[in-house]
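Chemist: structure for the following, please:
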Amino acid sequence: MDEAALPAALREALGVLRQNGLTDTRVDAVQDNWAYIWLPEVEVDQVRYPPPSKRGLWVRIPVQFPHANPHGVVTIEPLVPKDGHTPKRQNEAHETAKPVAGLGGRFYYSWTWSGDIGQGPPLNAPGDILEVVAWVSRRICLA
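Modeler: Numbers count the residues shown, from 1 in each chain. The predicted structure is shown next:
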């Protein structure tokens, strides 16, 4: 994926992720108005989930970021809490996962910025991408 084709604010947000320890962050696909950003190490609650405590996944970020909110997560393996329940809004082989299916993306979680954990923080600047990573971690905890 040629990141040079992305809007400047989204490119800057990717730089923020890389400068803050997610050096292997990349954009693997753009479909319609959504960029599928690979986050190589998202923290997973060790109390609720078996190892590993950090997992890679794609978060769907609008190409208009930070002026529109993220929506959804795609994983290679299903998120299976220790109690074995299926997380809310888990969709295997969903159309929305297809842009990264060739890279192993199979499980789409249709989580919204204003869903089960309440309204996410306001997104106003490219640096707010760090809030998105924190949101993903919190949302996985509630799965």
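Chemist: mind listing the strands for the chain?
Modeler: Along the chain, counting by DSSP state E, strands occupy 26-31, 34-43, 54-62, 71-75, 90-92, 107-112.
Chemist: least reliable of those going by mean pLDDT?
Modeler: Comparing mean pLDDT over the strands of the chain, the weakest stretch is strand 90-92, at a mean of 87.
Chemist: which parts of that strand are buried?
Modeler: Using 16 or more other C-beta atoms under 10 Å as the test for burial, strand 90-92 gives Gln90. All C-beta spots, glycine's among them, are computed from the backbone N, C-alpha and C.
Chemist: any stretches of this structure with poor pLDDT?
Modeler: Counting by pLDDT under 70, the chain shows no low-confidence range.
Chemist: would you agree Pro99 is in contact with Val27?
Modeler: No: using C-beta atoms under 8 Å, Pro99 is not in contact with Val27; the gap is 10.6 Å.
Chemist: need the contact list for the residue most central in space within the chain.
Modeler: Among the residues of the chain, the one closest to the centroid is Val59, at 2.0 Å (C-alpha atoms, centre = their mean). Contacts for Val59 (C-beta atoms under 8 Å, 6 or more residues apart in numbering) come out as 36-37, 39, 70, 72-73, 132-133, 136.
Chemist: of those, which is the nearest to Phe107?
Modeler: The closest of the contacts of Val59 to Phe107 turns out to be Val73 (C-beta to C-beta; 8.5 Å).
Chemist: now do the contacts for the nearest residue to the closest one once chain neighbours are set aside.
Modeler: Spatial nearest neighbour of Val73, chain neighbours left out: Tyr109 (4.5 Å); criterion: C-beta to C-beta, 6 or more residues apart in numbering. For Tyr109, the contacting residues are 72-75, 79, 87, 89-91, 139, 143, by C-beta under 8 Å, 6+ apart.
Chemist: look up how far Ser137 lies from Asp2.
Modeler: Distance from Asp2 to Ser137, counting by C-beta to C-beta, to the nearest Å: 29 Å.
Chemist: tell me which of those two has more neighbours.
Modeler: For Asp2 versus Ser137, neighbours defined as other C-beta atoms under 10 Å are more numerous around Ser137 (15 against 7).
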